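Participant: Requesting a structural model of the entry that follows:
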Amino acid sequence: MCASHDIQRLCESWWNKLAEASREEHRRFAVQFLALHGWDSPVAVETRAVSAQPGTLSYLVREGARPPFAAHFVPAGLLEPARTVVERGLDFCPATRILVAATRALDVHYAFITDLFRSYLYDARTGELLLHADTPAEYVAEFGDRLHEEQVAGGALHEARRQPRSYAARQLREWMQRWCETLQVDWRAPEETAWLAMDRLVVLRYLVEHDILRRPGWRLAKQFAEVLALASSASPDGAGKALVSLFQDIARAWNAELFAPQPPLEAILEQDRVAAPLLREFVLLSRSKFNVATVLESFNYGDASEKARVRMIPEENPERVTMLAKQTPGTIDEMQLELDVSDEGYRAIFHWVDRLTDLYGRLANEFQAARYPRDTGEGEFDLFDWSAIETARPNALTDPFQHVVEHGLIVYCATPRQFRTARLMLYLHLIRRYQEAKTRLSSFPRIEAMLQPRPTVLESDRRRIYQANRGDEWEVI
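Facilitator: Numbers count the residues shown, from 1 in each chain. Sure, this is the predicted structure:
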């Protein structure tokens with residue numbers, strides 16, 4: 001195993017001679033550092049991303065067919081203290097983000113980044129920060145032998161403890177709350193407007209990760225990268241207007257109501273003093289924070305009843321199950337379910353959206369089998385017959401996701417917080433479903449049509465009360 005005191009002494013000696021050290025000396029210390037961990041023949045690697053960090057030395061260590069990790073040795077002053085990065089709810093500093101992306105591009109699963117004083121270890125696939133240290137002594141205490149060749153061969157990297165989802169969710173929430181307070185205090189934004197800005201960024205990041213906006217001439221990831229590059233440049237003039245323009249493009253081209261113009265919000269975000277630092281931090285959050293489960297868990301705070309709605313597991317509803325079982329292609333367009341967030345929680349939205357779209361899929365197969373003969377024996381199918389059949393196809397079987405949002409399901413929300421949470425989670429769930437189903441998205445369904453203020457008495461309750469009263473007999477006294 002590696003001698004801890006030798007590693008600490010090596011790092012400290014590098015910093016003692018830093019002023020007069022050459023690149024070759026830097027290379028010698030990097031190779032010696034790896035040798036103390038049992039890696040005798042590291043392979044130097046150059047990539048475009050690494051070359052963007054002048055003075056960085058990058059190596060792949062060899063253990064079997066796949067290099068277990070890439071080691072990046074950066075010049076002094078490039079890495080921020082890991083403790084301050086974590087305290088701000090972030091996963092990267094600018095240098096580590098670039099190097100983790102370079103590691104992922106090399107198809108290597110782990111990235112170790114150090115200036116021989118501060119050190120970071122990442123899962124390059126998700127961007128999760130696994131271990132960090134701000135001094136050589138901390139490195140010895142926190143990392144131990146985890147990077148040693150024998151430990152890596154035994155699976156030490158795969159067994160590295162991941163933070164629970166609740167930790168990532170809390171970091172995401174605290175980051176958003178910090179920026180909401182900044183928008184409210186420094187820029188006089190109403191609370192609802194500030195949270196809308198955060199929700200837009202979450203959906204935007206999720207859209208970039210899930211490539212469903214496909215149209216000739218439209219490249220969301222490229223446009224987003226250009227906005228981020230402008231915001232991160234030495235002179236970020238126009239970054240705010242570029243961000244607002246991207247929001248407007250999404251609203252106009254894809255009918256996304258969440259991004260519809262809101263003049264008070266646009267007036268704030270167009271300010272480079274707001275947009276540039278906001279985007280510079282936003283890009284330092286890992287992709288692991290932007291999944292449906294983590295974003296939903298970020299709402300697990302405050303009022304106890306709201307926390308319960310985040311965690312609530314959907315229950316079977318016999319009345320709804322019976323209603324679904326009775327549906328046919330002829331009745332499905334008129335069927336509508338009601339869901340009460342206050343009583344059923346947010347996960348029920350996912351559950352019943354999926355149940356309905358699965359039903360639409362089954363009925364579509366039945367419709368197809370009934371209307372289209374498998375083998376006519378007559379060669380080509382008659383175009384006029386095909387047109388008549390398609391005209392008779394129920395709307396629910398033509399575009400399941402649009403129909404379930406605009407007609408098949410009503411979600412009742414009792415408070416602005418419920419509305420905001422339900423809307424955000426619906427966007428994320430639908431984006432995921434569109435990608436999984438490989439269904440072409442021409443425009444977003446009118447999601448806000450599904451979300452309605454909760455009435456005093458739900459229609460389903462009214463029907464139940466009416467049916468119960470019909471069965472009762474009045475007792476004469």
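
Participant: Which parts of the protein are strands?
Facilitator: 43-44, 57-60, 70-73, 110-114, 119-123, 128-133, 337-340, 409-413, 451-453 (DSSP state E).

Participant: elements contacting the shortest one?
Facilitator: Counting contacts by 3 or more CB pairs under 8 Å, 6 or more residues apart in numbering; DSSP states H and E, the secondary-structure elements packed against strand 43-44 are strand 57-60. (Glycine included, C-beta is placed from N, CA and C.)

Participant: Report all helices and strands that the strand it packs on contacts.
Facilitator: Against strand 57-60 (3+ CB pairs under 8 Å, 6+ apart) you get helix 23-35, strand 43-44, strand 70-73.

Participant: picking that back up, output the strands of the chain as JSON lines; include the columns distance to Leu243 and mean neighbour count.
Facilitator: Below are these laid out as JSON lines (distance: least, CB to CB, whole Å; neighbours: other CB atoms under 10 Å):
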{"stretch": "strand 43-44", "distance to Leu243": "39", "mean neighbour count": "11"}
{"stretch": "strand 57-60", "distance to Leu243": "32", "mean neighbour count": "22"}
{"stretch": "strand 70-73", "distance to Leu243": "30", "mean neighbour count": "26"}
{"stretch": "strand 110-114", "distance to Leu243": "29", "mean neighbour count": "24"}
{"stretch": "strand 119-123", "distance to Leu243": "27", "mean neighbour count": "24"}
{"stretch": "strand 128-133", "distance to Leu243": "26", "mean neighbour count": "20"}
{"stretch": "strand 337-340", "distance to Leu243": "34", "mean neighbour count": "20"}
{"stretch": "strand 409-413", "distance to Leu243": "28", "mean neighbour count": "21"}
{"stretch": "strand 451-453", "distance to Leu243": "26", "mean neighbour count": "14"}
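
Participant: Could you point out which of those strands sits nearest Arg88?
Facilitator: Closest approach to Arg88 among those (CB to CB): strand 128-133, 12.4 Å.

Participant: where does the stretch 351-477 of the chain have low pLDDT?
Facilitator: Along the stretch 351-477 of the chain, segments meeting pLDDT under 70 span 371-392, 458-477.

Participant: re the thing from before, rebuild the helices and strands packed on strand 57-60 as a markdown table, extending it with distance to Phe350 and mean pLDDT.
Facilitator: As requested, the helices and strands packed on strand 57-60 are exported to a markdown table (distance: least, CB to CB, whole Å; pLDDT from 0 to 100):
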| stretch | distance to Phe350 | mean pLDDT |
| --- | --- | --- |
| helix 23-35 | 46 | 94 |
| strand 43-44 | 45 | 91 |
| strand 70-73 | 37 | 95 |
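
Participant: To Arg309, which of the ones you listed lies closest?
Facilitator: strand 70-73 (42.6 Å).

Participant: Please name the strands paired to the closest one in the sheet, noting orientation.
Facilitator: When pairing is defined by DSSP bridges, strand 70-73 lines up against strand 57-60 (antiparallel), strand 110-114 (parallel).

Participant: hmm, who's touching that strand?
Facilitator: Contacts with strand 70-73, where a contact means CB atoms under 8 Å, 6 or more residues apart in numbering, come from 26, 29-30, 33-34, 42, 45, 50, 53, 56-61, 99, 102-103, 106, 108, 110-116, 124.

Participant: Could you do stretch 180-195 as well?
Facilitator: Residues contacting stretch 180-195 (CB under 8 Å, 6+ apart): Met176, Trp179, Ala197, Met198, Gln262, Pro264, Leu265, Ile268, Gln271, Val274, Pro416, Arg420.
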